[in-house]
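1. just need the structure, nothing else, for what follows:
(2 chains)
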Number of protein chains: 2
Amino acid sequence: MVRREVDVPTLVQRARGGEARSVARLISLVEDASPRLREVSALLVGHAGRAHVVGITGSPGVGKSTTTSALVTRMRRRGHRVGVLAVDPTSPFSGGALLGDRVRMQEHATDVDVYIRSMATRGHLGGLSWAVPQAVRVLDAAGCDVVVVETVGVGQSEVDVAGLADTTIVLLAPGMGDGIQAAKAGVLEIGDLFVVNKADRDGADQVARDLRSMVSRTDAGAWRRPVLKAVASSGEGVDEVAAAVEEHREHLASTGALAERRRRRARDEIETIAVTGLRESLADVGGDARLDGLADDVLAGRTDPYRAADALLERAVGGGAPASAPGRPGL
Amino acid sequence: MVRREVDVPTLVQRARGGEARSVARLISLVEDASPRLREVSALLVGHAGRAHVVGITGSPGVGKSTTTSALVTRMRRRGHRVGVLAVDPTSPFSGGALLGDRVRMQEHATDVDVYIRSMATRGHLGGLSWAVPQAVRVLDAAGCDVVVVETVGVGQSEVDVAGLADTTIVLLAPGMGDGIQAAKAGVLEIGDLFVVNKADRDGADQVARDLRSMVSRTDAGAWRRPVLKAVASSGEGVDEVAAAVEEHREHLASTGALAERRRRRARDEIETIAVTGLRESLADVGGDARLDGLADDVLAGRTDPYRAADALLERAVGGGAPASAPGRPGL
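-> Numbering: from 1, shown residues only, chains lettered A, B, ... in the order given. The predicted structure is shown next:
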């Protein structure tokens, strides 16, 4: 089947005009790490940086999609154009929205000022941290006032979402594990605001109380991180969440913290791209066979993984290979 | 305070004799990415590869520590020496066991043939994927027959645990989200066996049924992945879990799959060390100021992150810098 390809400059121009099909096409280009990714990125220079990026994270089952949908409703009432990226950082197989999410987002399906997109990382190099910032930039350039990035929390993924959002909402729910577990999951450090969802269930008050106590102990700086309760499925408490998001945005803007966060984000993005490039060059030069041979040497007790890594790097970057620090002698 | 340092060869010799203090010291060396990490690694060559590595993963609150503790009890009854690494891949702050885990592991505290250690990744480069394989190797060389690595699931971390384990147990519990959520969390792909813990609670049968149906649809190869029910806190069903772990080990050994898994693991480890070395060299050469400048250029719309990454790489690896593929023109 032959499909007529529209060139990238035209796609970017149309996306900037808000055309959903061109937005979709551009996100596909960045998601697939297509050769035209660089062209997309270069053409977006100067057209992004206006949108407020909101991250929503939490364990499976806390109600992320429902909460996102309810928040989008409030943002639309304020006249905002909204982009939603639902990111699944774990499954290399899904490649699109799962049925459950589509159902929960249904009410916005016909709203031309809401753009909803599921992204799977498909296991390629760089993963979430590679594709999502580019997709955010596409939505930003397309005129979205707010871009919501929803992702499963816990593990490396939530560090990523906190890294790319201006405001990070951590969602919890009663019955999903106690306070110690919340602390263990590392969510305390990354949230700008906390929402105990399913607040009509037993134990919600206790979760909120425990969380408040933990959050207040770790608060740093001028922003007192709120702990709110909500029932996203009925809309209860969601106005307050939307208001807190707005307040945090104003706080960031007025204190200069926004510029600092975005600079860190740009740094992370550049570094990720550079490291991904280096990894690719390892694969290019040494090839799989070389790495297999080194792995066999390690397994057979002929060498250790550090010396094997040195051998791999020598091939990849030539004579002046950086030693695989940390841990190199004399460091 | 001056502490008398024992040299690394002596530590390795003592650890191989099973001395817990030397094991602890060696794991601290690898955890901190100490300069002596390479020396430790070189001295362990030929002394590891015997232990069966079991990964246990699941969302916060499913009962990982309790299940691990109950499994350790069964393994001890079979006369195995057991090492446990409780890994928290998310918090850069904890640096040691949380109280809850210590309490749950209490019953093994006085058993000299059980070595329990918490590891936090402290946010340094390479993180979990860097330090944990080395710590597993230390425990292996110290004569552990089984090394259990327990880590919070969901997100990148569980991919890691599956990558380093011979046998991966995925733990679920009723009330933690339905089947769609389990699929979304990407746990189906990584489990060699599944345990529905807290099976005395409402909904456990339903979770097990849904899971069985999903698991059987995605089974590939000769190993039919079991879905078991357990109440780890009372010990109910844990014998069956221990038996299934043993069966899986035998399956791996008899089919040659064990060698294949370990080869993949060695490959991943070598690659991670190499990439971490390259990242360090980026930081060394360009320095933070260089990266800050490039970040500012991106934010001000003077360049895009791909060209910025190229500029960073040119400094780090000299004239012959690999382009930051994928996405480079002409790829």
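
2. how's chain A carved up into domains?
-> With domains defined by automatic domain parsing, chain A comprises A:49-255, A:267-317.

3. which of those sits closest to A:P9?
-> domain A:49-255 (12.8 Å; C-beta to C-beta). To be clear about C-beta, it is placed using only N, CA and C from the backbone, and glycine gets the same treatment.

4. now the domains of chain A in TSV, with distance to B:R261?
-> Below are the domains of chain A laid out as TSV (distance: least, C-beta to C-beta, whole Å):
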stretch	distance to B:R261
domain A:49-255	17
domain A:267-317	11
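
5. can you redo those as CSV with mean neighbour count and distance to B:P226?
-> Shown next, in CSV, are those (neighbours: other C-beta atoms under 10 Å in any protein chain shown; distance: least, C-beta to C-beta, whole Å):
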stretch, mean neighbour count, distance to B:P226
domain A:49-255, 21, 22
domain A:267-317, 20, 28
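
6. so which of those comes closest to chain B?
-> The closest of the domains of chain A to chain B is domain A:49-255. By C-beta to the nearest C-beta, the value is 2.2 Å.

7. show me what the helix or strand A:T57 falls within is packed against.
-> Assigned by DSSP states H and E, A:T57 belongs to strand A:52-58. Judged by 3 or more C-beta pairs under 8 Å, 6 or more residues apart in numbering or on different chains; DSSP states H and E, strand A:52-58 is in contact with helix A:64-77, strand A:146-152, helix A:156-164, strand A:167-172, helix A:187-190.

8. so for A:A266, what's the nearest residue that isn't a sequence neighbour?
-> Closest residue to A:A266 in three dimensions, ignoring its sequence neighbours and counting by C-beta to C-beta, 6 or more residues apart in numbering or on different chains: B:A295, at 3.7 Å.

9. so which of the helices and strands packed on strand A:52-58 comes closest to B:T110?
-> helix A:187-190 (32.7 Å).

10. could you point out which element follows that closest one?
-> strand A:193-196.

11. elements contacting the following helix or strand past that following strand?
-> Sequence order places helix A:204-218 as the next helix or strand after strand A:193-196, per DSSP H and E. For helix A:204-218, the helices and strands in contact under the criterion 3+ C-beta pairs under 8 Å, 6+ apart are helix A:179-184, helix A:187-190, strand A:193-196, strand A:227-229.

12. C-alpha coordinates for helix A:204-218, PDB please?
-> Output in PDB follows, covering the C-alpha atoms of helix A:204-218 (Å, rounded to 0.1, in the frame of the first residue of the first chain):
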ATOM      1  CA  ALA A 204      -8.500   7.200  52.800                       C
ATOM      2  CA  ASP A 205      -8.300   9.600  55.800                       C
ATOM      3  CA  GLN A 206      -5.600   7.500  57.300                       C
ATOM      4  CA  VAL A 207      -3.600   7.500  54.100                       C
ATOM      5  CA  ALA A 208      -4.000  11.300  53.800                       C
ATOM      6  CA  ARG A 209      -3.000  11.800  57.400                       C
ATOM      7  CA  ASP A 210       0.100   9.600  57.200                       C
ATOM      8  CA  LEU A 211       1.100  11.200  53.900                       C
ATOM      9  CA  ARG A 212       0.600  14.800  55.300                       C
ATOM     10  CA  SER A 213       2.900  14.000  58.100                       C
ATOM     11  CA  MET A 214       5.600  12.500  55.900                       C
ATOM     12  CA  VAL A 215       5.300  15.300  53.300                       C
ATOM     13  CA  SER A 216       5.500  18.100  55.800                       C
ATOM     14  CA  ARG A 217       8.700  16.600  57.200                       C
ATOM     15  CA  THR A 218      10.300  16.500  53.800                       C
END
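
13. what about that helix, average pLDDT?
-> If you average the pLDDT over helix A:204-218, you get 87.

14. what do you get for stretch A:9-23?
-> The average pLDDT for stretch A:9-23 rounds to 93.

15. any idea how far apart the tips of it sit?
-> With C-alpha to C-alpha, to the nearest Å applied, stretch A:9-23 spans 12 Å between its terminal residues.

16. ok, it near chain B or not?
-> No - using C-beta under 8 Å from any C-beta of the partner chain, stretch A:9-23 never reaches chain B; the gap is at least 12.1 Å.

17. pull the residues that contact that stretch.
-> A:6, A:25-26, A:40, A:43-44, A:47, A:81, A:112, A:115, A:138-139, A:141-143 (C-beta atoms under 8 Å, 6 or more residues apart in numbering or on different chains).

18. just the closest of those residues to A:D310, please.
-> A:V40 (36.6 Å).

19. show me which positions of the helix or strand hosting that closest one end up buried.
-> In this structure, A:V40 is located in helix A:37-44 according to DSSP H and E. For helix A:37-44, the neighbour count (16 or more other C-beta atoms under 10 Å in any protein chain shown) marks A:L37, A:R38, A:E39, A:V40, A:S41, A:A42, A:L43, A:L44 as buried.

20. what mean pLDDT does that helix have?
-> pLDDT averaged over helix A:37-44 gives 89.

21. so what does it touch, helix or strand wise?
-> helix A:8-16, helix A:20-31, helix A:127-141, helix B:305-317.

22. I'd assumed A:A141 was in contact with A:Y115.
-> No - A:Y115 lies out of contact with A:A141 (C-beta atoms under 8 Å); the separation is 11.9 Å.

23. let's verify A:E5: helix, strand, or coil?
-> coil (DSSP: H, G, I helix; E, B strand; the rest coil).

24. give me the pLDDT value at it.
-> So A:E5 comes in at 74 (pLDDT).

25. next: A:V53.
-> In this model, A:V53 carries a pLDDT of 96.

26. measure it to A:D200 for me?
-> 30 Å (C-beta to C-beta, to the nearest Å).

27. pass me the low-pLDDT residue ranges in the stretch 151-300 of chain A, would you?
-> Applying pLDDT under 70 to the stretch 151-300 of chain A flags residues A:152-160, A:176-186, A:283-288.

28. please name every helix or strand in contact with the longest helix along chain A.
-> In chain A, with assignment by DSSP state H, the single longest helix is helix A:257-299. Helices and strands touching helix A:257-299, by 3+ C-beta pairs under 8 Å, 6+ apart, are helix A:127-141, helix A:156-164, helix A:238-255, helix A:305-317, helix B:257-299, helix B:305-317.

29. tabulate those helices (a markdown table), appending distance to A:L228.
-> A markdown table is the format used below for the helices and strands packed on helix A:257-299 (distance: least, C-beta to C-beta, whole Å):
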| stretch | distance to A:L228 |
| --- | --- |
| helix A:127-141 | 25 |
| helix A:156-164 | 18 |
| helix A:238-255 | 5 |
| helix A:305-317 | 47 |
| helix B:257-299 | 31 |
| helix B:305-317 | 34 |
